[in-house]
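In: below are the sequence and a predicted model; questions follow.
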Amino acid sequence: MRSTSPSTNAEAVARLEPVHDLGSKPVHGLSTPAPTAAAIPAPDSPPTAERPQALSAARLSSVEPDLRDADSKPGDPRVERLFEMTSDLLATISLDGRFTLLNPAWEAVLGWTRAELEANPIDELIHPDDVEQTLALLLAGNHRPAHLENFTNRYRHRDGSWRWLLWSARCDGDEWYAAAKDVTDRMWLERQALRDPLTHLPNRLLLMDRTRQALSRLHRSGGVVALLFVDLDRFKAVNDNFGHDVGDRLLIAVAERLAEMMRDSDTVARLGGDEFVVLGEEMRSDEEAFALAERVVQTLQQPFHVGTVEVSMPASVGVSITHDAETDPESMLREADVAMYRAKGAGGRRPEMFDESLRKEITAHLEIEERLLKALPHDELVLTYQPIMPLAGGRAIGCEALVRWQPDDAEEGKIDELLPSTFLPRAEESELIVQIGDWVLHTACAQAAAWRRQGISMPISINISARELSELDLAARVQKELSRFRLPGRALCLEVTEEAVLRDPERARAALGDVRRLGVAIALDSFGGREASITLPRNLPLDVLKLDRNLIHSFERDRETRAMVAAMIALAHKAGLTAVAVGIETNRQLALARELDCRVGQGFLLHRPDAPERLRLTGDTGAVTSAPWRPRVRLGEGSKRR
């Protein structure tokens with residue numbers, strides 16, 4: 001190494017820009033007042049499915065030609081001592097990219113001697129992904145004063161690892177005077193905070209920041225920014241059948257496949273579970289964004305090979321698109337999420353675009369949720385009861401409790417009663433469904449106790465939502481209400497749908513088993529509505545199979561459906577279960593149900609839902625042929641009534 005005089009060191013120190021305090025703002029990744037170089041995974045870092053992001057330019061600005069501190073004194077021994085003893089990395093760098101003067105701290109940080117560092121061009125020491133921008137910044141000071149700060153790049157340590165350095169520097173037009181800090185540990189911690197630990201993809205925090213940056217660039221670039229919310233349709237089945245280890249490896253494979261199909265400017269992130277989000281930048285049109293979503297669906301349908309397991313992974317994709325730089329990133333993500341649920345509701349394996357009709361639907365849903373919050377405290381919910389009848393005639397053998405909503409503030413002639421198919425799905429999206437479920441359980445038990453005092457002993461069936469079924473204390477809540485009203489377990493029957501059970505079959509089986517041990521009957525509702533129906537009764541603690549109403553409505557005109565219903569009824573009888581034909585509305589349906597040896601039914605033909613005081617429960621009701629019960633105003637379409 002060449003010798004340096006004290007005055008040379010002192011002059012170099014006098015020209016250095018102090019390194020900024022790192023504690024005041026992030027080093028990279030998140031937006032900062034001063035741009036930084038993006039964090040690109042080093043070759044020796046854990047493999048990541050994300051493609052490298054484009055480096056952003058460090059800030060350059062003009063400075064006065066005389067960069068030296070007027071009070072500095074060349075040859076001052078204190079300045080020389082500062083140069084030798086500081087832990088900051090001090091350097092002078094030529095415009096052609098060579099170190100011309102280094103302090104001893106470099107040897108401690110990089111493991112090379114100063115002579116070795118000064119003997120080689122810096123592009124041989126810098127990470128390949130950082131070389132182009134670093135050299136461009138050096139040349140930016142050619143023959144003119146310049147200044148940069150908060151610039152990060154990586155240098156190779158003698159042991160082969162990479163060290164992140166944070167730079168602040170000034171150029172007088174002939175040479176750079178620079179100070180740097182080793183921020184490797186801080187960068188690693190930041191990376192951990194902004195990455196999904198399983199796939200190493202960006203997490204929600206980093207995704208939202210990159211979305212904000214992409215939106216800000218719309219001012220000058222035009223085009224559109226798109227968020228694609230990707231939900232894997234069958235991932236839970238993979239976890240249940242092959243275990244969580246295979247599930248984790250599959251998620252990594254999905255992350256890698258998504259990243260491989262994206263452009264360098266796009267971001268693939270994982271929000272958690274089986275949910276991924278793609279940020280598409282620099283897209284020319286809405287059609288291009290939707291085409292990307294279609295390619296995502298097609299790509300994920302190709303088989304994945306995870307060890308000895310081969311699985312396909314169909315996906316539902318929701319797409320949110322904007323041309324407006326002022327769009328809120330969180331709102332975009334919510335819109336993409338809503339569109340994804342529409343895709344999933346339509347059968348999955350497809351993309352759906354968020355549009356104005358969905359926006360209106362969300363507004364209506366929010367209005368319903370807001371009104372529903374007041375329903376319980378204002379006693380706007382009521383229970384009606386629909387008797388479950390023996391098809392051979394005779395008195396009712398049970399009743400199903402059905403929730404009705406009668407808002408106090410309904411406008412005359414506009415809203416009289418909201419259908420359960422309208423408001424219950426909204427409640428199921430929040431904790432409201434648990435509160436409503438507790439109220440239904442309490443009210444039904446109170447009615448069962450009142451009937452028992454009148455000498456009427458029959459079970460009341462109540463519907464249990466998927467969210468309630470996942471609660472760990474379901475059996476305890478049932479036991480509490482039975483004890484409160486001094487009822488035996490046989491006074492209740494809990495109905496669950498196939499859809500609710502299939503969300504988490506293991507937990508559902510355990511929860512229903514606990515309830516059944518209280519003496520409460522368990523009914524599987526809407527049986528036959530899904531492909532998995534035939535296997536479910538063998539795996540659940542059941543007493544009753546309620547045939548899907550769509551089967552009953554179609555079996556009078558479709559021989560294939562009739563044969564299927566006959567097989568289901570036979571299956572129920574063989575398993576010692578009661579088969580119930582739900583939705584009997586015509587005499588032909590009643591006759592066919594009897595012909596197929598179904599002995600119990602429920603429907604408007606047999607008895608419509610009504611208030612408890614108007615039910616005919618003590619004698620043979622015969623067939624009721626009056627018009628089916630309907631609210632005066634129907635505000636929406638929906639699924640199962642409660």
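Out: Sure, I can see it. Numbers count the residues shown, from 1 in each chain.

In: residue 579 belongs to a helix?
Out: No - per DSSP: H, G, I helix; E, B strand; the rest coil, residue 579 lies outside any helix segment and is strand.

In: run a quick neighbour tally on it.
Out: Number of residues near residue 579 (other Cβ atoms under 10 Å) recorded here: 24. From N, CA and C alone the C-beta is placed, and that goes for glycine too.

In: across the sheet, point out what pairs with it.
Out: Per DSSP bridges, the residues bridged to residue 579 are residue 545.

In: right, and it touches residue 596 too?
Out: No - using Cβ atoms under 8 Å, residue 579 is not in contact with residue 596; the gap is 9.0 Å.

In: now do the contacts for the residue minimising distance to the centre of the chain.
Out: Closest to where the C-alpha atoms of the chain average out (Cα atoms, centre = their mean) is residue 275, at 4.9 Å. Applying Cβ atoms under 8 Å, 6 or more residues apart in numbering, we find residue 275 in contact with 229, 230, 231, 232.

In: by neighbours, which of these wins?
Out: residue 229 (29 neighbours).

In: not counting its neighbours along the chain, what's nearest that one?
Out: Among residues not flanking residue 229 along the chain, residue 336 sits closest, at 3.7 Å (Cβ to Cβ, 6 or more residues apart in numbering).

In: same check on residue 196?
Out: Distance criterion Cβ to Cβ, 6+ apart; nearest residue to residue 196, sequence neighbours excluded, is residue 270 at 4.3 Å.

In: if we can go back for a sec, number of nearby residues for the residue nearest to residue 229?
Out: 25.

In: pretty sure it is touching residue 277, no?
Out: Yes - taking Cβ under 8 Å as the definition, residue 336 is a contact partner of residue 277 at 7.2 Å.

In: how about the residue nearest to residue 229, what does it touch?
Out: 227, 228, 229, 277, 318, 319, 320, 354 are the contacts of residue 336 under Cβ under 8 Å, 6+ apart.

In: wasn't the second one part of a strand?
Out: Yes - going by three-state DSSP, the assignment for residue 228 places it inside a strand.

In: tell me the secondary structure of the closest residue to residue 554 other than its chain neighbours, please.
Out: Excluding its sequence neighbours, the residue lying closest to residue 554 (Cβ to Cβ, 6+ apart) is residue 561, at 4.9 Å. Secondary structure, three-state DSSP: residue 561 is helix.

In: neighbours around residue 561, how many?
Out: If you count neighbours by other Cβ under 10 Å, residue 561 ends up with 17.

In: wait, doesn't it sit right on residue 551?
Out: Yes - Residue 561 lies in contact with residue 551 (Cβ under 8 Å); the separation is 5.9 Å.

In: which neighbours do residue 336 and residue 277 have in common?
Out: Counting by Cβ under 8 Å, 6+ apart, the residues touching both residue 336 and residue 277 are 227, 228, 229.

In: need those in TSV (columns: pLDDT).
Out: Formatted as TSV, the shared contacts of residue 336 and residue 277 follow (pLDDT from 0 to 100):
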residue	pLDDT
227	95
228	96
229	96
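
In: tabulate these (a markdown table), appending distance to residue 387.
Out: A markdown table is the format used below for the shared contacts of residue 336 and residue 277 (distance: Cβ to Cβ, whole Å):
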| residue | distance to residue 387 |
| --- | --- |
| 227 | 50 |
| 228 | 49 |
| 229 | 44 |
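
In: so which of the residues you listed comes closest to residue 136?
Out: If you rank the shared contacts of residue 336 and residue 277 by distance to residue 136 using Cβ to Cβ, residue 227 comes first, at 31.8 Å.

In: tell me where the longest helix sits in this protein.
Out: When the chain is parsed with DSSP state H, its longest helix is helix 432-453.

In: I'd like to know which elements that one is packed against.
Out: If you count contacts as 3 or more Cβ pairs under 8 Å, 6 or more residues apart in numbering; DSSP states H and E, helix 432-453 packs onto helix 356-375, strand 381-390, strand 398-405, helix 420-428, strand 460-463, helix 466-470, helix 474-484, strand 492-497.

In: so where's this protein shaky on pLDDT?
Out: Within the chain, the segments meeting pLDDT under 70 span 1-75, 141, 143, 408-418, 530-536, 618-642.
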